[in-house]
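Enquirer: fold the stuff below for me.
(one chain, ligands or ions: 2)
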Amino acid sequence: MPAEISGIGEFTGQEVLLKGWVYNMRSSGKILFLQMRDGTGIIQCIIEKAVVGDEDFELASGLTQESSLEVTGTVREDARAPGGYELSVTGFSIIQIAESYPITPKDHGNTFLMDNRHLWLRSRRQNAILRIRAGLIRFIRDFFDNRGFILCDTPIFTPNACEGTTTLFETDYFGDRAYLTQSGQLYNEATAAAFRKVYTFGPTFRAEKSKTRRHLIEFWMVEPEVAFADLDDIMQLGEDFIIEIVGRALETYRDLLEGELERDVSRLEKVQGPFPRISYAEAARILKEKGGDFEEGGDFGGTDETVLAGEFDSPVFVHRFPSAIKAFYMEPDPDDPTYSLSVDLLAPEGYGEIIGGGQRVSDLGLLKKRIEEHGLPEKAFGWYLDLRRYGTFPHAGFGLGVERTLAWICGIQHVRETIPFPRLLNRLSP
Ligand code: 4AD
Ligand code: MG
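Expert: Residues are numbered from 1 along each chain as shown. Ligands and ions are numbered 1, 2, ... in the order given. Below you'll find the model as predicted:
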């Protein structure tokens, strides 16, 4: 009976056929303890000389790490075995004896592991992180789908900037200049006028010369946009969203988080609303009191974000940043137009900004002025300005970075482990 390790419990007492790879093997005389992995899990397979015979036992003894094989055997429940089950092997067939595998159970440096990312993915830890990533993406989609948001995919090739011109990747588009998208937001604003509540979810690109544990060159962002929503509405949406996805991650992956990743899940259990909401001005006051080198008027650095988040147990919203440091599309605060109706959500435990968003300029004249002030070509924004010509409407939205959110949920140091093949400042391979 063909089976997969993740569902092996259903076959207790029966003979099954497993296909997979050697994760690890040790021998004690007449018994081989083979840790076999099949991508869905790992199971200990017991190969006894007395059962398989001298010749096959000899053959099995030659199995190397990551050799591929098929194994038949009887499933036994065993509380002592990792995973709770064991396989008493009755026969096997080797597909390939693997060449000497570069990643061994010893400690390897990060550069080496990243160079071998295509193989490193097979390890338990990477497997756990990326399994949770797949779940997180499902929870994100469910959240918006269940609330009547329409998924509208936005283009990756774009003729203009969304988040400022300094971090654009330029490419040749049949003789024209095109850029890789930094955010689907501008297109989202058009689809929001068509469908009211929309989201886009895809890869985004930033030519950022940042070499930090929070920055990727290519990352995945989910961006909701809501017609007739204001700054407060969008903060509430962000809060409901974070509580749901963190809650579902805990519910679904508690074992992996606590086990393989040794995550202190009590920190995630504290993610309950309402999240504190402080203005940029209040945040600046806190930072000054703490005596760092933050200068009011500027953007927060990674350390500033960590200090601010450290004041709270749950994620914290910082709203109303100075207009001068935010993108051209941010609606000014009617109470003081030097500030904008913008918001960032800072994750606890030093994971930094995971959400950025706000309310958009809805007045045609003001938007034109902003585009000019930011030195952007008005021609490329013609269609975007149309949204303010034909029934302009107040609207707001945000973007959440999947990798930073996953790093936080998993409690891991660096975003490079949160995507199968990370693109970093100095890394385009494998
Ligand atoms: O704050 P950002 O730049 O916001 C926007 O792009 C808006 N247009 C989104 C919107 O309102 N629709 O990026 C949003 C989020 C950040 O909070 C962060 O989680 C993630 O995207 N992010 C990155 N993640 C990894 N590496 C990078 N270089 C990132 N830059 C942004
Ligand atoms: Mg931001």
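
Enquirer: please state the offset of the host helix or strand of residue 233 from the chain centre?
Expert: Here residue 233, judged by DSSP states H and E, is contained in helix 231-258. Its chain's average C-alpha position is 13 Å from that of helix 231-258, according to CA atoms, centre = their mean, to the nearest Å.

Enquirer: and that helix, what does it pack against?
Expert: Judged by 3 or more CB pairs under 8 Å, 6 or more residues apart in numbering; DSSP states H and E, helix 231-258 is in contact with helix 124-146, strand 218-227, helix 266-269, strand 316-319, strand 342-347, strand 352-359, strand 395-401, helix 402-410. For the C-beta atoms, the positions are set from N, CA and C on the backbone; glycine is no exception.

Enquirer: can I get those in CSV with distance to residue 211 and mean neighbour count?
Expert: Output for those, formatted as CSV (distance: least, CB to CB, whole Å; neighbours: other CB atoms under 10 Å):
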stretch, distance to residue 211, mean neighbour count
helix 124-146, 21, 17
strand 218-227, 15, 22
helix 266-269, 27, 13
strand 316-319, 24, 23
strand 342-347, 20, 26
strand 352-359, 15, 24
strand 395-401, 17, 24
helix 402-410, 15, 24
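
Enquirer: who wins for proximity to residue 378 among these?
Expert: strand 395-401 (21.0 Å; CB to CB).

Enquirer: what's the angle from the closest one to strand 342-347?
Expert: With axes from the mean of the first three to the mean of the last three CA atoms, to 10 degrees applied, the angle from strand 395-401 to strand 342-347 works out at 30 degrees.

Enquirer: how about the residues of the chain by ligand 1?
Expert: By CB under 6 Å from any ligand atom, the residues of the chain that approach ligand 1 are 162-163, 183, 185, 206, 208, 215-216, 219, 221, 223, 353-357, 397-401, 403-404, 415.

Enquirer: so residue 50 sits against residue 30, correct?
Expert: Yes - look at residue 50 against residue 30 with CB atoms under 8 Å: they come within range, at 6.8 Å.

Enquirer: list the beta-bridge partners for the nearest residue to residue 341 once chain neighbours are set aside.
Expert: Leaving aside its chain neighbours, residue 341 sits nearest to residue 359 (3.9 Å; criterion: CB to CB, 6 or more residues apart in numbering). Under DSSP bridges, the beta-bridge partners of residue 359 are residue 396.

Enquirer: heads up, I number from 29, so please use that
Expert: From this message on, residue numbering opens at 29, which makes the last subject residue 387.

Enquirer: list the contacts of residue 387.
Expert: For residue 387, the contacting residues are 257-259, 262, 358-359, 369-370, 422-424, by CB atoms under 8 Å, 6 or more residues apart in numbering.

Enquirer: next one: residue 89, what pLDDT does it get?
Expert: With respect to pLDDT, residue 89 has a value of 97.

Enquirer: so how far is residue 247 from the residue of the stretch 279-428 of the chain found nearest ligand 1?
Expert: Using CB to the nearest ligand atom, the closest approach of the stretch 279-428 of the chain to ligand 1 is made by residue 384 at 2.3 Å. From residue 384 over to residue 247 the distance is 12 Å, taken as CB to CB, to the nearest Å.

Enquirer: residues touching the residue lying closest to residue 377 once chain neighbours are set aside, list them.
Expert: Excluding its sequence neighbours, the residue lying closest to residue 377 (CB to CB, 6+ apart) is residue 295, at 6.3 Å. Neighbour list for residue 295: 376-377, 439 [criterion: CB under 8 Å, 6+ apart].

Enquirer: same question for residue 204.
Expert: The contact partners of residue 204, by CB under 8 Å, 6+ apart, come to residue 187.

Enquirer: what residues does the longest strand seen in the chain touch?
Expert: Counting by DSSP state E, the longest strand found in the chain is strand 43-56. Contact partners of strand 43-56, identified using CB under 8 Å, 6+ apart, comprise 29-33, 36, 60-67, 70-71, 73, 89, 91-103, 115, 118, 126, 133, 150.
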